[in-house]
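A.B. asks: Generate a structure from the sequence data that follows.
(chains A and B)
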Protein chains: 2
Amino acid sequence: MAEPVKYISVVIVGCGRLGSQLAGQLSADGYNVVIVDQHEKAFKLLPSKFSGFCITGDATEQLVMQSANLENADCLMAMTQKDTLNLMVALVARVIFSVPHVIARVYDPQYEDLFSSYQIETISPTKLSSQAFLQKIQEYIDI
Amino acid sequence: MAEPVKYISVVIVGCGRLGSQLAGQLSADGYNVVIVDQHEKAFKLLPSKFSGFCITGDATEQLVMQSANLENADCLMAMTQKDTLNLMVALVARVIFSVPHVIARVYDPQYEDLFSSYQIETISPTKLSSQAFLQKIQEYIDI
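C.D. replies: Modelled structure (predicted):
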């Protein structure tokens, strides 16, 4: 495990299974974490040791993201379950708040080019899983 | 890309985004693929070049899996969006049909131990994505 990096601030939008797990891990690793979700009950998914901030609100509203201190964030992670919402949140972070590192979760492969045309990095759970399954079956053949 | 492996038969349960993508890829690589889903319209997600078989039916019913020729399959992939359904399908494949290689997609980490206690390999999209995001942020720090 790397040394704690207390000076790195991360804003995560979407407190689903992935968002909450990542927020917990980053918080445990010493990052300053703010997590935003429009449903307060979503924060129940966070591990009890989570020491960051939770903001309830619509992440497409600039005021909400200001209260998440996005202008001082080093990284924004858009990880709701909606590709179009992730795109909007990521674009606002990139263009209006000038966040240096923006990453979005993307489900539908057809959106990937759109994200990359705005210099937004993407992570595709479908693609990662597909690769993992293909790797497994390749291992079976090699046995 | 490896040589086509026409003698390898794979049964995939669940024709969602991941299942359909994987079925298309395996089919293109020369595998014999059968894909099972309870909703016929799910097969619309398959790429047009998919050359395998589609079976509409409930994968927990033995007759359905017999018609998918599961007893002669080399590998079963349980990739519906329900962990409990994946567990049931994987167990039936392992115990009743003696399929040599069984892999399941698992969402909720609490199920992983249960799967592994039955020697069923698992792939977790949440865990894979979480690792990918953590790796990205680590790269940013190193820059």
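
A.B. asks: so where's chain A shaky on pLDDT?
C.D. replies: Along chain A, the parts satisfying pLDDT under 70 run over A:1-6, A:143.

A.B. asks: how about the residues of it that lie near chain B?
C.D. replies: Near chain B, the residues belonging to chain A are A:2, A:5, A:8, A:10, A:17-18, A:21-22, A:25-26, A:31, A:74-75, A:77, A:79, A:100-101, A:103, A:105, A:107-108, A:121, A:123, A:125-126, A:128-130, A:132-134, A:136-138, A:140-141 when assessed by C-beta under 8 Å from any C-beta of the partner chain. C-beta: built from backbone N, CA, C; applies to glycine.

A.B. asks: Please flag which of the residues you listed sit within strands.
C.D. replies: Of these, the ones assigned to strands by DSSP state E are A:Val10, A:Cys75, A:Met77, A:His101, A:Ile103, A:Arg105, A:Glu121, A:Ile123.

A.B. asks: quick check, nearest of those residues to A:Val36?
C.D. replies: A:Met77 (10.3 Å; C-beta to C-beta).

A.B. asks: in the sheet, who's paired with the residue nearest in space to the middle of chain A?
C.D. replies: Nearest residue to the geometric centre of chain A (C-alpha atoms, centre = their mean): A:Met77, 2.8 Å. In this entry, A:Met77 is beta-bridged to A:Ile12, A:Ile103, by DSSP bridges.

A.B. asks: Show me the longest helix that occurs in chain A.
C.D. replies: The longest helix of chain A (DSSP state H) is helix A:125-142.

A.B. asks: wait, which of the ones in strands among the residues of chain A next to chain B is closest to B:Gly57?
C.D. replies: Using C-beta to C-beta, these come closest to B:Gly57 at A:Arg105, 32.3 Å.

A.B. asks: Near the spatially closest residue to the closest one that is not a sequence neighbour, how many other residues are there?
C.D. replies: With sequence-adjacent residues excluded and distances taken as C-beta to C-beta, 6 or more residues apart in numbering or on different chains, A:Arg105 is closest to A:Met79, at 4.3 Å. The number of residues packed near A:Met79 is 28, by other C-beta atoms under 10 Å in any protein chain shown.

A.B. asks: Same check on A:Gln38?
C.D. replies: Neighbours of A:Gln38 (other C-beta under 10 Å): 18.

A.B. asks: and it, how far is that from chain B?
C.D. replies: Going from A:Gln38 to chain B by C-beta to the nearest C-beta, to the nearest Å gives 20 Å.

A.B. asks: looking at this, A:Asn86 is in a helix?
C.D. replies: Yes. Looking at A:Asn86 with DSSP: H, G, I helix; E, B strand; the rest coil, it is inside a helix.
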